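Novice: Pasting the sequence and the predicted model now:
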Amino acid sequence: MKNYEVSKDGYYGEFGGSYIPEILHKVVYDLQEQYEAIMNSKDFKEEFHALLKDYVGRPSPLYYASRLSEKYGCKIYLKREDLNHTGAHKINNSLGQILLAKRMGKTRIICETGAGQHGVATATACALMNLPCVVYMGATDVERQKPNVERMKMLGATVVPVQSGNKTLKDACNEAIRDWCCNPRDTFYIIGSTMGPHPYPEMVARMQSVISEEIKWQIKEKEGRDYPDYLMACIGGGSNAAGTIYHYKGDERVNIVLAEAGGLGVETGETAASLNIGTVGILHGSKMYVMQTEDGQIIEPYSISAGLDYPGVGPMHCQMFKEGRSKVLPITDQEALDAAFELTKLEGIIPALESAHALALLPRMKDKFKKDDVVVLTVSGRGDKDMQTYLKHIKN
Amino acid sequence: MTRISRLFKEKGKDILSVYFSSGYPTVDSAPRIIKALSDAGVDMIEIGIPFSDPLADGPVIQRSNSIALKNGISQKLLFEQIKDIRKVTDIPLVLMGYINCAMQFGFENLCKKAVEIGIDGIILPDLPVDEYNAEYRPIVEKYGLDFIHLITPETSDERIRKIDEASSGFVYMVSSAGTTGAQNSFGQSKQDYFKRIKAMNLKNPTLVGFGVSNHETFRAAADNSCGAIVGSQFIKELDANPTIEDAVNSLIKKIKG
């Protein structure tokens, strides 16, 4: 069996590592040294699980989508992360990291956000734990995800609109890292995805691995076996995808199919399909596939979905993609919109635009499905925040 | 002995090193800036290679990077512009950029090109010493270049020793927790940090950078090290003065006091 585990120094094959300015070495090193022991401690586990159960509302349901199944000729189960408190999978990670931050004696929280889901989740965790919270968000995203900005403010967070670059997720990450460089002693940076310097990619994947842990017993209850034939999720930085596949990385019986943001189509250049068109580079502290020019300048990504609008992909996914363990398809804006409307119509579930990319994998994979195939697809978030966009595209 | 080592050996104190972003204010400014700084008696020059996502830089250098890239600068073009620079000046020259650009150019290619042109050293603030030692150091040593690592107020004594061991030319002492950008004064805690490093007697000489912008900050830095590096303040002078030469003169007046 191929090894997809992280090495001691933070590499998944050739990807990962910790490429950070020296000022951050101590704080990142302390985290590398302490996170596993804290996460494995009885006291952390108890508090984390209690919060996931009573505050987030876990386990999230594994719902058999009968009309969708009928349409695509297989058994489709939806892993309903959209039903979590705050409306997406992001809360799993924010709660885990804030418990870690408290145990490490940190008194100030910062984070980046794209669609605003991670910002809302972190602002929520900060309200709960009574810690000050600064959220960096690209000015473009502040515009297109207004409801989430208002939620973060109501939760007591300071939202800083970032004006550099394309003013999206990448730029928000840059600014959060700069803040961290200025405040390395008291500040904990809650990164929202499986990216950043070691140990973040692995740590975030572990915080989200509750998703695949639940899939394991839930699918056993429903289908009599503890693995599906297909696991599907959308992938930007890679956190809900990592959570969905975590316990199945080495289980070759399970096909992993992920959707990245194709934007207007990979051939147009207006895309965020980092795995399909990226090359190996270093961004935000980690070696991974990034969209870049020959000269090493990062190309501004484009996607209708703010949460997938990122020019790189976490190192674990880079290795699994390179080894052929996961199949990653670029899904266009239009395919995602169609899939969102279809799920709404067939199942009465309005998904987030990010999750709609995963749903758009179903028509792409239709010819491959056999009648008894069990497909588990993660609906990472709900569509409330995307209503403006949906209303613009609604078909009469 | 490299030009950098010679400078520290011969002058040894009050060294002024100036950073600029290549491609700024206009795409072909680099050779003229180098000549002007050199003519004005600056001791060393850091040639910035712009990157789209400069994590260690504050707003001033972020902006000059971004305009330089819009102007069309690239590593290839920069090296073409300065290929004959050694006919003009013998001043120590250091390249400063980010690891991703170096990696895409090809790290060995970059070293080879640097030696061809007569560049003396390289600074990459997001390449930690452990990665450097594992993968990049043999290449740097093969080409006989100096590689300058950074230390910060957060760096432990043990790690400072390791960084000193891996560096040549000089060690870049970051003044404070933060990104690049001008500060008006250096408080007591910064001066204590400068003194602590001085007392460690490193094998390399040190220069202080980040926040040096005027006579006061230059003196505070240079009294406890071999001198200082000025970056953001020079970019501001380029913006505020009609010519590159005026910007250089104005900077030197401010620093020398």
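Specialist: Arrived safely.
Novice: wait, what's in contact with A:K106?
Specialist: For A:K106, the contact set (Cβ atoms under 8 Å, 6 or more residues apart in numbering or on different chains) comprises A:186-188. Quick note: C-beta positions are derived from backbone N, CA and C, even for glycine.
Novice: Helix or strand: which one has A:L329?
Specialist: Per DSSP states H and E, A:L329 falls inside strand A:326-332.
Novice: sorry, back to before: can you check the contacts of A:K106 and name whichever has the most neighbours?
Specialist: Taking other Cβ atoms under 10 Å in any protein chain shown as the neighbour criterion, A:F188 ranks highest of the contacts of A:K106 with 22 neighbours.
Novice: quick one on the thing from earlier: the helix or strand just after the strand holding A:L329: how far from the chain's middle?
Specialist: Counting by DSSP H and E, the element after strand A:326-332 in chain order, helix or strand, is helix A:333-347. Taking Cα atoms, centre = their mean, to the nearest Å, the mean C-alpha location of helix A:333-347 is offset from the chain mean by 20 Å.
Novice: same question, stretch B:197-212
Specialist: Using Cα atoms, centre = their mean, the offset of stretch B:197-212 from its chain centre is 14 Å.
Novice: Check stretch B:129-139 too.
Specialist: Distance of stretch B:129-139 from its chain centroid, counting by Cα atoms, centre = their mean, is 20 Å.
Novice: what's the answer for stretch A:98-106, then?
Specialist: With Cα atoms, centre = their mean, you get 22 Å for stretch A:98-106.
Novice: Please point out which parts of it sit buried.
Specialist: Counting neighbours by 16 or more other Cβ atoms under 10 Å in any protein chain shown, one finds that the buried residues in stretch A:98-106 are A:98-103, A:106.
Novice: tell me the contacts of the residue lying closest to B:T155 once chain neighbours are set aside?
Specialist: Leaving aside its chain neighbours, B:T155 sits nearest to A:E22 (6.2 Å; criterion: Cβ to Cβ, 6 or more residues apart in numbering or on different chains). When contacts are counted by Cβ under 8 Å, 6+ apart, A:E22 touches B:125, B:128-129, B:149-152, B:154-155, B:163, B:174.
Novice: tell me the mean pLDDT for stretch A:35-55?
Specialist: Mean per-residue pLDDT for stretch A:35-55: 98.
Novice: sorry, back to before: what's the per-residue pLDDT of the residue nearest to B:T155 here?
Specialist: On the pLDDT scale, A:E22 is placed at 96.
Novice: Please report phi then psi for it.
Specialist: phi -50, psi -30 (degrees, to the nearest 10).
Novice: burial count for A:L78?
Specialist: For A:L78, the count of nearby residues is 26 (other Cβ under 10 Å).
Novice: what's the answer for A:G348, then?
Specialist: Using other Cβ under 10 Å, A:G348 is surrounded by 8 other residues.
Novice: How much space separates the closest residue to chain B within the stretch 101-250 of chain A from B:I151?
Specialist: Going by Cβ to the nearest Cβ, chain B is nearest to A:C182 of the stretch 101-250 of chain A, at 4.5 Å. Distance, A:C182 to B:I151, by Cβ to Cβ, to the nearest Å: 17 Å.
Novice: Just want to know which of these two has more residues nearby.
Specialist: Between A:C182 and B:I151, counted using other Cβ under 10 Å, B:I151 has the larger neighbour count: 25 against 13.
Novice: Run through the bridge partners of the more buried one.
Specialist: Partner residues in beta bridges with B:I151, using DSSP bridges, are B:M173.
Novice: can you tell me which residues contact it?
Specialist: With Cβ under 8 Å, 6+ apart, B:I151 has these contacts: A:22, B:159-160, B:163, B:171-174, B:197.
Novice: and if we set it to 6 Å?
Specialist: Taking Cβ atoms under 6 Å, 6 or more residues apart in numbering or on different chains as the criterion, B:I151 is in contact with B:160, B:163, B:171, B:173.
Novice: Tell me how far the third one lies from chain A.
Specialist: Right, the one you point to is B:V171. 11 Å (Cβ to the nearest Cβ, to the nearest Å).
Novice: hang on, isn't that residue packed against B:T206?
Specialist: Yes: the pair B:V171 / B:T206 is scored as a contact, 4.8 Å apart, by Cβ atoms under 6 Å.
Novice: which residues pair with A:I298 across the strands?
Specialist: Note on A:I298: beta-bridge partners A:Q292, judged by DSSP bridges.
Novice: All good on my end, thank you.
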